[in-house]
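Q: With the input below, show me the fold.
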Amino acid sequence: MRKKPIIPILLFAALVAGLRAQSSLLFLELQAVGGYSTASSSFELFSLMPEDVMQKPSVGFDLVKRISGKTRDIGVLAVQARLAYSREGAHRLQPQLYNAFFRLKAGFADVWAGHSRPALGLSYVLDSHALLLPAPAMLGYGFDRDWGVGLDRDFRWGSAAASLTAGSGMPLYFKGNFLAAARVSKGVLARDNYSLGLSLAHGKILETMGYTLVEPEPISWSAASVDAAYMWRNLENRAEILLGRRDGAGIVLLFWRSGMALLDEGRLKVEVQPVLMRSAGAWGYSLGSGLTYLLNADLAGRFMVFYDHGRRDARFVVQLYYYKRL
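A: Next up, the predicted model:
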């Protein structure tokens, strides 16, 4: 088994590239999270699972640097990292790396390499790193971030994307594991108020939770997914249906998230999220609801109630999230 010390390499690359960057954005990120679990009858400093990287008390940064030539933009370098409190492992402070990629504007498409989102389902287009309600990838159906390469291109009718990644999520392992994925979508949500996506994926993945390797050997994994997003006035709906096989057994995901924006400029958002799942030969479900209130342009408060039928656990989670440009 080989695990690469990739974080110092990428941070060094970000520093070097910054010397030649024409413009940059740097944000400070602070997060306070805690919740009460009925299963453990205790207050815990994480949102969902102790091994997961999202969400925990943390401090971090988000750096985006645009690299330009004399006549055109060459690409974008993105690095987003946190130092989070974790009760798992020997050390209470855990370094976490989210975005760590370079996106090249190649003309025919944008090509990226590093740590980014695989081209699979809603998790590919839904940026949930600051949110409490779990996306499909956080429920075990895909990866929120993965190491590898990919490309994407926008068209008038929608977009197309493909990726070839390690299939190990947050850490990088080389054990014969891989995940090939592709997604095509019709409609642009910001322009058309709707988007429909079709995704296919196949590979041999490693079962990880956060930076923890759950199983030592890769397993076969394949899936087909249909996702949709629709906005109407102050209402927003997102849904995904995923069917596939994991280690020879069928998997099913029926995911729906509905939200309503209230108050001036949508400062208050109310959401509900029912999910039906099948994995390892058993059906399960989860029910979630959440509130988000924007206290100002930089600070958001969130509250979530989440019931997991499989764990017989109801969680009541609060979060303060601060994100400010420096």
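Q: use CA for all of it now, contacts and neighbours both
A: OK.
Q: right, and the helix or strand after whatever helix or strand His202 lives in?
A: In this structure, His202 is located in strand 194-205 according to DSSP states H and E. For strand 194-205, the following helix or strand on the C-terminal side (DSSP H and E) is strand 208-209.
Q: Grab the most central residue of the chain for me.
A: The structure's the chain has its C-alpha centroid closest to Asp144; by CA atoms, centre = their mean the separation is 3.4 Å.
Q: Surely that one forms part of a helix?
A: No - counting by DSSP: H, G, I helix; E, B strand; the rest coil, Asp144 falls outside a helix, being coil.
Q: For Asn177, give its distance to Leu120.
A: Here Asn177 is placed at a distance of 17 Å from Leu120 (CA to CA, to the nearest Å).
Q: Pick out whichever of the two has more residues nearby.
A: Set side by side, Asn177 and Leu120 show unequal neighbour counts under other CA atoms under 10 Å, the larger going to Leu120 at 31 against 18.
Q: What about the more buried one? Give its phi and psi, please.
A: Phi and psi for Leu120, reported as degrees, to the nearest 10, are phi -140, psi 110.
Q: so how far is Ala113 from it?
A: Counting by CA to CA, the gap from Leu120 to Ala113 is 17 Å.
Q: ok, now Trp232?
A: Trp232 sits 35 Å away from Ala113, going by CA to CA.
Q: do the same with Ala229
A: From Ala229 across to Ala113, the span is 27 Å (CA to CA).
Q: what's the answer for Gln80, then?
A: In this structure, Gln80 lies at 15 Å from Ala113, with CA to CA as the measure.
Q: before we move on, back to that, just the pLDDT for the residue nearest to the centre of the chain.
A: According to the per-residue confidence, Asp144 scores 92 in pLDDT.
Q: That one against Gly167, yeah?
A: No - contact criterion CA atoms under 8 Å: Asp144 and Gly167 do not qualify, at 10.7 Å.
Q: how about the helices in the protein?
A: Along the chain, the stretches classed as helices by DSSP state H are 6-18, 121-125, 189-192.
Q: Dump stretch 123-130 to PDB, keeping only the CA atoms.
A: Below are the C-alpha coordinates for stretch 123-130, written out as PDB (Å, rounded to 0.1, in the frame of the first residue of the first chain):
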ATOM      1  CA  SER A 123     -22.700  15.900  -6.000                       C
ATOM      2  CA  TYR A 124     -20.800  17.100  -9.100                       C
ATOM      3  CA  VAL A 125     -22.800  20.400  -9.300                       C
ATOM      4  CA  LEU A 126     -23.800  20.900  -5.600                       C
ATOM      5  CA  ASP A 127     -21.100  22.600  -3.500                       C
ATOM      6  CA  SER A 128     -22.000  21.300   0.000                       C
ATOM      7  CA  HIS A 129     -18.700  21.700   1.800                       C
ATOM      8  CA  ALA A 130     -20.300  24.400   4.100                       C
END
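Q: Of Trp232 and Ala113, give the one with the bigger neighbour count.
A: Summary of the neighbour comparison: Trp232 and Ala113, criterion other CA under 10 Å, with Ala113 having more neighbours (19 against 10).
Q: check contacts around that one.
A: Residues in contact with Ala113, defined by CA atoms under 8 Å, 6 or more residues apart in numbering, are 101-103, 147-150.
Q: Can you report how many residues lie near the closest residue to Leu26 other than its chain neighbours?
A: The spatial neighbour of Leu26 that comes closest, neighbours along the chain excluded (CA to CA, 6 or more residues apart in numbering), is Leu63 at 4.6 Å. Leu63 has 19 neighbours, counted by other CA under 10 Å.
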